[in-house]
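*Asks:* fold the following, please.
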Amino acid sequence: MTTMTRFRDDTDTLSTRWITLGQACKLLGVNESTLRRWADAGHTRSFRTPGGHRRFSEDDLRAMMAGHAASTREPFTSISQVALSRIRRRLQRGRNQTWYAGVAEDDRDSARNYGRRLVSLVSEYLAKGSRRADLLDEARDILHDYGALLFRDGLSLRDVLEGFTFFRKRLDEAAREEAQKNDLSADEVLEMWEHLSNLADQELLSVADSYDEAAMATPAGR
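*Replies:* As a prediction, the model looks like this:
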């Protein structure tokens, strides 16, 4: 939904509350560039006013926060869904997740939203060959912002890598389950792991770059 005319013609939107870009970013705890990418990728409804300003569906944003954004139902969709479910359960138990405990309370919502989007885009990355480059760029940008947030909260790079490994293991478990459930061939499994490894490698490099940049910008003796 990108024009005011389409907005008015769509009766389903009459009960929807539309909020500004700033309000939407504050609600989700993410920056403006991240939210624009999510809207452009179709993860939340939005339209532009005659003046060119974006408005976002508050219902969609709250659904994203709850982890119930609408699924595209494409192949590999369940990998992200299963991984997110396992991640939530383990974080709720709070066992041996020292890296998560180090995130400042005020940053928890932002960290959760970054994490949810990173996990959810894995299924899209596996399914959408034509959009892999865009999704890879988005993943790098999110990890860069995520890394800056964690650096600000005083987490060490080792803490961050521990958290990254935590997420990666849950995705690996979900991918194995998907392969078994769908009886994928050896070639299909190999292709899936190659894509997953490439995505994870690029994300890891991005968060390392973020830490290097933050460290260089921090006065000595912090």
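
*Asks:* buried ones in the longest helix seen in the chain, by neighbour count?
*Replies:* With DSSP state H applied, the helix covering the greatest number of residues in the chain is identified as helix 186-217. Under the neighbour-count criterion of 16 or more other CB atoms under 10 Å, helix 186-217 has 189, 192, 195-196, 199-200, 203-204, 206-208, 210-211, 214 buried. Heads up, the C-betas are built off the backbone N, CA and C, glycines and all.

*Asks:* contact partners for residue 207?
*Replies:* 143, 144, 146, 147, 160, 164 (CB atoms under 8 Å, 6 or more residues apart in numbering).

*Asks:* one more time with 10 Å
*Replies:* Under the criterion of CB atoms under 10 Å, 6 or more residues apart in numbering, the neighbours of residue 207 are 140, 142-148, 150-151, 157, 160-161, 163-164.

*Asks:* let's see the PyMOL selection covering just the buried ones among these.
*Replies:* Buried subset of those, written as a PyMOL selection, criterion 16+ other CB under 10 Å:
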select buried, resi 140+142+143+144+145+146+147+148+150+151+157+160+163+164
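
*Asks:* helix, strand or coil: sort out the residue nearest to the spatial centre of the chain for me.
*Replies:* Of all residues in the chain, the one closest to the mean position by CA atoms, centre = their mean is residue 117, 1.5 Å from it. Here residue 117 takes the helix state, with states given by DSSP: H, G, I helix; E, B strand; the rest coil.

*Asks:* wait, a strand at residue 219?
*Replies:* No. Assigned with three-state DSSP, residue 219 falls outside any strand and is coil.

*Asks:* so for it, what's the pLDDT?
*Replies:* In this model, residue 219 is scored at 70, pLDDT.

*Asks:* and the residue nearest to residue 22 when sequence neighbours are not counted, what does it touch?
*Replies:* The spatially closest residue to residue 22, leaving aside those adjacent along the chain, is residue 32, at 7.8 Å (CB to CB, 6 or more residues apart in numbering). Contacts here follow CB under 10 Å, 6+ apart; on that basis residue 32 touches 21, 22, 24, 25, 54.

*Asks:* the first one contacts residue 55, correct?
*Replies:* Read that as residue 21. Yes. Between residue 21 and residue 55 there is a contact under CB atoms under 10 Å: 8.0 Å.

*Asks:* tell me which of these two has more neighbours.
*Replies:* With neighbours defined as other CB atoms under 10 Å, residue 21 and residue 55 compare such that residue 55 has more, 21 against 16.

*Asks:* which ones are touching the residue lying closest to that one once chain neighbours are set aside?
*Replies:* Beyond its immediate neighbours in the sequence, the residue positioned closest to residue 55 (CB to CB, 6+ apart) is residue 18, lying 4.0 Å away. For residue 18, the set of contacting residues under the criterion of CB under 10 Å, 6+ apart consists of 7, 24, 45, 46, 47, 49, 54, 55, 56, 57, 58, 59.
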